[in-house]
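Student: would you be able to build a 3D model of this:
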Amino acid sequence: MSTTTVETSADVTGHGSADAPRTPRGRGRRRPLASLASHGVLTVACLVALFPIAWLVFLSLGPDKDDYLHPGRIWSKMTFDNYAFVLQHTNFFDWLKSSLIVSLGTTVIGVLIAATTGYAVSRMRFPGYRKFMWVLLVTQMFPIAVLIVPMYQILSELQLVDTYLGLILVYCSTAVPYCAWLLKGYFDTIPFEIDEAGRVDGLTPFGTFARLILPLAKPGLAVAAFYSFITAFGEVAFATTFLLDDQKYTLAVGLQSFVSEHDAQRNLMAATAVLIAIPVSAFFYLVQKNLVTGLTAGGTKG
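Tutor: Take a look at the predicted model:
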């Protein structure tokens, strides 16, 4: 007779639990302590970045110019009078108009020149194309103080001193070299077969660039546009030198009008600075979807 061994459920469960392998930790999953530490570091970094902005907004609510010396007193007398004064009794809207004209003009002209330059160097091989890009890079090494005098002489001979166009051209001389390098790296990541397909379809080189390449290069163009806009919007030295009419002052230059030799209206400066940040924040919101892609894509291909 054969005997049958019957295992109880407890025995089966015991053997199963003893022999069951441990579940491996999935890729990308962190230990709770490491996750807590990373979140803590990110929180501290965010607070460090946001504190100056919050402090500026807080000081702008103080009605007196010396409230920054005693910030604790602001809590009991917060007011928006500084903003009302800036908007009603200064040339703020003239400054804003000038800043937008110069910044948007620099963005449009600068990105157009930089995009065509970067595309030509990326796709075409002509004598000296490598040296040409290095020349653009070298132009970024000169300090502004060295460039002001020769640029002023050039603009004076062209009768462009105290004009928006003159200031836009000056800013383009700063923005175009960097943006050309940036867009050249981005165009390198776009397959050359797309250009060949455009030629097969009968497109000219410029038609291929405008109809096929530019739509694919939107992230890179967004970064170049943002850099050009910020360069022109917040620059002070060139704008102070080349704009003589106070009606044409940009916001960055107009902000200096609150500081004199014997007085400094820091409450009004703080309120104006907060108002200045609004257009930049709006422009950043429009292009922020493409910023990360555009900043990283240029480094994916050597």
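
Student: all contacts plus neighbour counts: C-alpha atoms, from now on.
Tutor: Will do.

Student: how long is stretch 78-95 end to end?
Tutor: Using C-alpha to C-alpha, to the nearest Å, the span of stretch 78-95 from its first residue to its last is 26 Å.

Student: buried sites along it?
Tutor: If you call a residue buried by 16 or more other C-alpha atoms under 10 Å, then stretch 78-95 has these buried ones: 81-83, 86, 91-92, 94-95.

Student: swap in stretch 230-240?
Tutor: Under 16+ other C-alpha under 10 Å, the buried positions of stretch 230-240 are 230-236, 238-240.

Student: and the next element down the chain from the helix or strand containing residue 253?
Tutor: Assigned by DSSP states H and E, residue 253 falls within helix 251-254. Of the helices and strands lying after helix 251-254 in sequence (DSSP H and E), the nearest is helix 266-297.

Student: run through the chain and note the low-pLDDT ranges.
Tutor: Flagging of the chain using pLDDT under 70 yields the residue ranges 1-30, 261, 290-302.

Student: which residue ranges form the strands in it?
Tutor: Read by DSSP state E, the chain holds no strands at all.

Student: so who does residue 83 touch?
Tutor: 60, 268, 271-272 (C-alpha atoms under 8 Å, 6 or more residues apart in numbering).

Student: oh, I was asking about residue 74
Tutor: By C-alpha under 8 Å, 6+ apart, residue 74 lies in contact with 59, 61-63, 67.

Student: hmm, which two among the buried residues of stretch 230-240 are most spread apart?
Tutor: Checked with C-alpha to C-alpha, the buried residues of stretch 230-240 reach their widest spread between 230 and 240, with 16.7 Å between them.

Student: among the buried residues of stretch 78-95, which ones are in helices?
Tutor: Using DSSP state H, the members of those that fall within helices are 81-83, 86, 92, 94-95.

Student: follow-up on the earlier one: who wins on neighbours among the contacts of residue 74?
Tutor: Using other C-alpha atoms under 10 Å as the neighbour criterion, residue 62 leads these with 28 neighbours.

Student: could you tell me the backbone phi and psi angles at it?
Tutor: Main-chain torsions, residue 62, degrees, to the nearest 10: phi -80, psi 130.
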